[in-house]
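Enquirer: Structure, please.
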Amino acid sequence: SQSRYLPVKAAEHEQRVDQTWMPIGPFGWDTLAKMATGSQGIGVLRSHIVDPTNSSVILAGGISSGIWRSIDAGKTWVNLALNTPIKTVWRFAWSGTTVLAATSDGLYGSSDRGLTWTKIALQGDALLSTAKAVDLVAIAPNDPQRMVVAAINRLYTSTNGGASWRQTCNYEGTWWDLQWHPTKNEVCYGLVQQGAHISFIRSTSAAAKFDAVGNGYPQPAIGHKMVRALLATTKALPEMVAVAVGGSLADTISGTYGIYVSTDQGSTFESRCCGSAEGPEPADKVKNPNLFDYDIGGNGLGQITLS
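Expert: Coordinates of the predicted model:
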């Protein structure tokens, strides 16, 4: 008789194929969200993070509804920002028991796993102290005192848990993403837009200095425009970094510019999706899905989040 057990590789493949996705919230209703997002509800969720030591604790940040927290793996949610000026949450960062949130009202921190939040004063740099919003935040994986934020088109670092900040990065522009290497304090990645191009940059000096790297990552091209990008890393494969880019070609084609994966900390990249490695092509639901649109066969550049 045939064995009822699958080989390990086949079992893993079958598990991936059979996986289904279900919405878990938060499902709070906010009639004012339509003014910011075009639809009623809580609006788009811009960010989320899971407690690294307790997967039942999840934080989610809305584009118009502040900070939400679940302690039962998403079955129920509580809005923690009703009494704060926080409207948009662009990014969470977690290290140890410290959680940071980059928001439309500046930088907020929590020392009790996201239950309560306190605004962090951005001191030490005259220009940063005038910032009303913080776009991104990242924390070194093994040193919660070392952190970096993106604000007013610049990067600022702190080595004392946010007590003071200084501008150290040599790049300025629109910052789409910022993440530390999953295990190395000295390596940090960023995506910065200057003109029509979004560069992948890497620091090996704990965010003090960045360099554009990545053989195989698209170079600037006439008529090509990158308009949205995100990157992702994982502790399971700490040397890997993936970049998803959305863009357009001569204002006639919009969609997935490409997904590029590196297995050597961003030194080299390989195109994994979709269509041409050098820019967007017309979307096709089967051969060239537009991962940035609500309709994978559409021509839009809606929303996407990597994690």
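Enquirer: where's the residue lying closest to Cys273 once chain neighbours are set aside, which helix or strand?
Expert: Nearest in space to Cys273, with sequence neighbours left out and distances taken as CB to CB, 6 or more residues apart in numbering, is Ile259 at 4.2 Å. C-betas here are computed from N, CA, C, even on glycine. Secondary structure assignment for Ile259, by DSSP states H and E: strand 253-262.
Enquirer: now the strands for the stretch 151-300 of the chain?
Expert: Here the stretch 151-300 of the chain has its strands, by DSSP state E, counting those that start in this stretch, at 154-158, 166-167, 174-180, 188-194, 197-203, 211-212, 224-233, 241-249, 253-262, 270-273.
Enquirer: Tell me which of those strands approaches Val137 most closely.
Expert: Nearest to Val137, of all these, is strand 174-180, at 7.5 Å by CB to CB.
Enquirer: List the buried residues in that closest one.
Expert: Going by neighbour count (16 or more other CB atoms under 10 Å), the buried part of strand 174-180 is 175-180.
Enquirer: biggest separation within the residues you listed, which pair?
Expert: Pairwise distances across the buried residues of strand 174-180 (CB to CB) peak at 15.8 Å, for the pair Trp176 and Trp180.
Enquirer: Now render the strands of the stretch 151-300 of the chain as JSON lines, adding distance to Pro282 and mean pLDDT.
Expert: Converted to JSON lines, the strands of the stretch 151-300 of the chain look like this (distance: least, CB to CB, whole Å; pLDDT from 0 to 100):
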{"stretch": "strand 154-158", "distance to Pro282": "36", "mean pLDDT": "94"}
{"stretch": "strand 166-167", "distance to Pro282": "42", "mean pLDDT": "92"}
{"stretch": "strand 174-180", "distance to Pro282": "24", "mean pLDDT": "94"}
{"stretch": "strand 188-194", "distance to Pro282": "24", "mean pLDDT": "96"}
{"stretch": "strand 197-203", "distance to Pro282": "21", "mean pLDDT": "96"}
{"stretch": "strand 211-212", "distance to Pro282": "29", "mean pLDDT": "94"}
{"stretch": "strand 224-233", "distance to Pro282": "15", "mean pLDDT": "91"}
{"stretch": "strand 241-249", "distance to Pro282": "9", "mean pLDDT": "90"}
{"stretch": "strand 253-262", "distance to Pro282": "6", "mean pLDDT": "88"}
{"stretch": "strand 270-273", "distance to Pro282": "15", "mean pLDDT": "90"}
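Enquirer: Mind checking the ones you listed for the one nearest to Lys285?
Expert: Between Lys285 and the strands of the stretch 151-300 of the chain, the tightest spacing by CB to CB is seen for strand 253-262, at 11.5 Å.
Enquirer: Give the partner strands of the closest one in its sheet and their orientations.
Expert: With DSSP bridges as the test, strand 253-262 is paired with strand 241-249 (antiparallel), strand 270-273 (antiparallel).
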